[in-house]
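**Q** Give me coordinates for this.
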Amino acid sequence: MENFTAYNPTKLHFGKNVIEKLPDALQNTGKNILLITGQGSVKKYGYYNQVIEKLQKAGKNIIEFSGIKPNPVVDDAEKAVALAKKNQVDAIVALGGGSVIDTAKMINMAYANDLPVWKIMKREVEPVKRIPLFVILTLAATGTEMNGAAVLQNHQTQEKIGYFSPLMYPDISFLDPTYTLSVPKNQTINGIVDLIAHSLEAFFSGGAVPLSDRFVAANILETFDYAPALLNDLKNYDLRARMMWTATIAENGTTMHGRTTSGDWGTHALAHHISLLWDTAHGETLSVMFPAWMKAMRPKIKERLQQLGFLLTGKSIKADETIAIFEEFFNKIGAPIRFEQLGLKSHDKQKLLNLWLKNKPIGMNIILDEKDYQKIISYL
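**A** Model (predicted):
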């Protein structure tokens, strides 16, 4: 086990009506609040009005920026930074899912430090300060509500990349499962895939950490247990609560401690290019990419696949059988597992390969090269 520092400064309020705590949380912030939202669902289902009411109760001036896309782009973050500067905002409130929260994090870094968003993402400049950030989650998936990471894409440079800074942990996150009761089935499926993928990224980090491995397996098994029932009963509060908590656990550091890297992330790096090229839902890219990556990397990760299989089944099984567990589960819940199921054609694989060759996505633990790209493409 490697040396590690366990650090998570985000306070998390979980459960029904936790939004009632928002006015008190904002007590010590300044007057001007930048409210970041997505493309309209929060207004449609009434969450927006609830948050506006609480902000007004706290006596805040509300400056709004809406329209954040499901695959968030750097252009929107820069526009929001300009709005923040114009209004001299004192704090940021993000109401939405992962794309909204990730964008809000990068707005925070750029605004507080007067730096360009993309230069921060590319680590050409380094932020040193922040303003308060509060999160109200409406979609369980990415775990961004309790970590310091964000992902944005840049169509001009043809990149979709992640950035991490301890400065980006939200101050307080509000997780009310009732805010996810309106999430449609397809987005729920994508969220389930995403949280499983995050658990797997942790498992394929380096280092022998049996307890962290068991955390990963427990999170996956919990998801296997509730997912079919949830997809047949989307309005079930208890099942939504279970999903919301597993998504948070998958990416708040719990599964990472003691490893040589904080996840592998090669699969995410590869999958991001599909979203970049075709604006495909993030979860759909992962249910297609993870099995292909496992098959292509099998010679390098055979033992880890067998260990994972044992943790999931209690039996000694082959690496291929472990891969089959995930393919069968993704198929069972209606997630795509083949490239063509994304609505893409076989000739599109060359376009994807070309972008991989240009951007050279690699894992943090299991390093990918051009031969690996060819293998992975063959399994898509």
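**Q** mind listing what the closest residue to residue 51 other than its chain neighbours touches?
**A** The shortest distance from residue 51 to any residue other than its chain neighbours is 5.3 Å, reached at residue 95 (CB to CB, 6 or more residues apart in numbering). Backbone N, C-alpha and C define where each C-beta goes, glycine included. Residue 95 makes contact with 35-37, 42, 47-48, 51, 136, 138 under the criterion CB atoms under 8 Å, 6 or more residues apart in numbering.
**Q** Then residue 188?
**A** Residue 188 neighbours (CB under 8 Å, 6+ apart): 230-231, 234, 243.
**Q** go with 10 Å
**A** Counting by CB atoms under 10 Å, 6 or more residues apart in numbering, residue 188 touches 139-141, 180, 227, 230-231, 234, 239-240, 243, 283, 333-334.
**Q** what does residue 211 give?
**A** For residue 211, the contacting residues are 1, 255, 257-258, by CB under 10 Å, 6+ apart.
**Q** which among those end up buried?
**A** 255, 257-258 (16 or more other CB atoms under 10 Å).
**Q** Can you dump the C-alpha atoms of stretch 6-13 in CSV for me?
**A** Provided in CSV are the C-alpha atoms of stretch 6-13 (Å, rounded to 0.1, in the frame of the first residue of the first chain):
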residue,chain,number,x,y,z
ALA,A,6,-7.1,11.4,2.7
TYR,A,7,-8.6,14.8,1.9
ASN,A,8,-12.1,15.8,1.2
PRO,A,9,-13.2,19.2,2.4
THR,A,10,-16.7,19.1,0.9
LYS,A,11,-19.6,19.1,3.3
LEU,A,12,-22.4,17.0,1.9
HIS,A,13,-26.1,17.3,2.9
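**Q** Show me what counts as buried in that stretch.
**A** For stretch 6-13, by 16+ other CB under 10 Å, it's 10, 12-13.
**Q** residues in contact with it?
**A** So stretch 6-13 is in contact with 18-22, 25, 133-137, 145-148, 166, 169-176, 245, 248, 252-254, 256-258, going by CB under 10 Å, 6+ apart.
**Q** The same query, at a cut-off of 8 Å, please.
**A** 21, 145-147, 166, 169-175, 248, 252-253, 257.
**Q** filter the residues you listed to the buried ones?
**A** By 16+ other CB under 10 Å, the contacts of stretch 6-13 give 145-147, 169-175, 248, 252-253, 257 as buried.
**Q** Which single one of those is nearest to residue 299?
**A** Taking CB to CB as the measure, residue 257 is the one of those closest to residue 299, at 28.1 Å.
**Q** State the pLDDT value of the residue lying closest to that closest one once chain neighbours are set aside.
**A** Spatial nearest neighbour of residue 257, excluding adjacent residues (CB to CB, 6+ apart): residue 4 at 5.0 Å. On the pLDDT scale, residue 4 is placed at 89.
**Q** do residue 40 as well
**A** 86.
**Q** Tell me which residues touch it, please.
**A** Counted by CB under 8 Å, 6+ apart, residue 40 has contacts residue 66.
**Q** What values do phi and psi take at it?
**A** Main-chain dihedrals, residue 40, degrees, to the nearest 10: phi 120, psi -20.
**Q** is it true that residue 217 lies in a helix?
**A** Yes - using DSSP: H, G, I helix; E, B strand; the rest coil, the secondary structure at residue 217 is a helix.
**Q** Thank you kindly, that will do.
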